[in-house]
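**Student:** Quick check, what structure comes out for this input:
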Amino acid sequence: MNIYVVMKRTFDTEEKITIKNGQVADDGAEFIINPYDEYAVEEALKLREEHGGEVTVVTIGEEEAEKELRTALAMGADKAVLINDEDVEDGDPFSTATILSTFFKDKEVDIILAGNVTVDGSSGQVGPRLAEELGISAITTITKLSIEGNLAVIERDVEGDIEIVETQLPLLVTCQQGLNEPRYPSLPGIMKAKKKPLEKLDLDDLDIDEDDVEGKTKTIDIFLPPAKAAGKVLEGDISGQVKELVSLLTTEAKVI
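**Tutor:** Presented below is the predicted three-dimensional model:
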């Protein structure tokens, strides 16, 4: 089975975000595999264990993203591909999906797995856009996946309920929490990852003109949410607290 995982390098979710000159500052910040993409990597490894084949992880980014690819290799992926997009102006989900679809156009694919969203952009667009470009089915927010032959049976979240979907391979799915528990890279896995193949490509290798993948959207402003005001602790008996609470909700919060 030819299994691919599309993943992204994102800020560590424990990082404190700061804004400098209208941009998110990444000086000294820690980066990780996008957490939702970790579920995709884990599910890809489970599919290989059950059905055989090969797991290839693919990311778009700059040279620094090699570290996160090596982490995926240490988890157990077989190969990695880094597509350098430093020449792309104002890249967005359109840019990413177009570059990926060009990469995949001559590949034999059984299944592509991706995270449901990224913790930085959170658009959730890249997976469905890529499937559309490749002309294959896309199932999002999956919480269970089983494959028999050419048939995939999938459970997915739908507003607090579960939907069961059957479809044929090739297929793209986006993964979320609840699908599995991602494994940690073992020490032997980390050592093996150093010798596993990591292919590096740029836009010229894919015969892509940077003007053709320029983003379709523009970021107008980036800002942090307003700081929360200090809370108030009500004192006195219950009856007095209720009266004060109603008064505050009416005069200050203006919600009643």
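**Student:** Every contact and neighbour count from this point should use C-alpha atoms.
**Tutor:** Fine.
**Student:** what's the domain layout of this structure?
**Tutor:** 2-213, 227-256 (automatic domain parsing).
**Student:** mean pLDDT for the ones you listed: which is lowest?
**Tutor:** The stretch with the lowest mean pLDDT among these is domain 227-256, at a mean of 86.
**Student:** Can you get me the start-to-end distance on that one?
**Tutor:** 23 Å (CA to CA, to the nearest Å).
**Student:** what's the spacing between that domain and its chain's center?
**Tutor:** Put simply, domain 227-256 sits 41 Å off its chain's centre (CA atoms, centre = their mean, to the nearest Å).
**Student:** now stretch 107-123
**Tutor:** Relative to its chain's centre, stretch 107-123 lies at 6 Å (CA atoms, centre = their mean).
**Student:** Can you give me the first-to-last residue distance of it?
**Tutor:** End to end - CA to CA - stretch 107-123 spans 26 Å.
**Student:** Now it: buried residues?
**Tutor:** Residues V109, I111, I112, L113, A114, G115, N116, V117, T118, V119 are the ones in stretch 107-123 that count as buried (16 or more other CA atoms under 10 Å).
**Student:** what's around L169, how many residues?
**Tutor:** 16 (other CA atoms under 10 Å).
**Student:** Roughly how far does it sit from I112?
**Tutor:** On the measure of CA to CA, L169 and I112 end up 10 Å apart.
**Student:** Can you mark which positions in the longest strand seen in the chain are buried?
**Tutor:** With secondary structure taken from DSSP state E, the chain has its longest strand at strand 137-148. Under the neighbour-count criterion of 16+ other CA under 10 Å, strand 137-148 has S137, A138, I139, T140, T141, I142, T143, K144, L145, I147 buried.
**Student:** So which of the buried residues of stretch 107-123 are in strands?
**Tutor:** I111, I112, L113, A114, G115.
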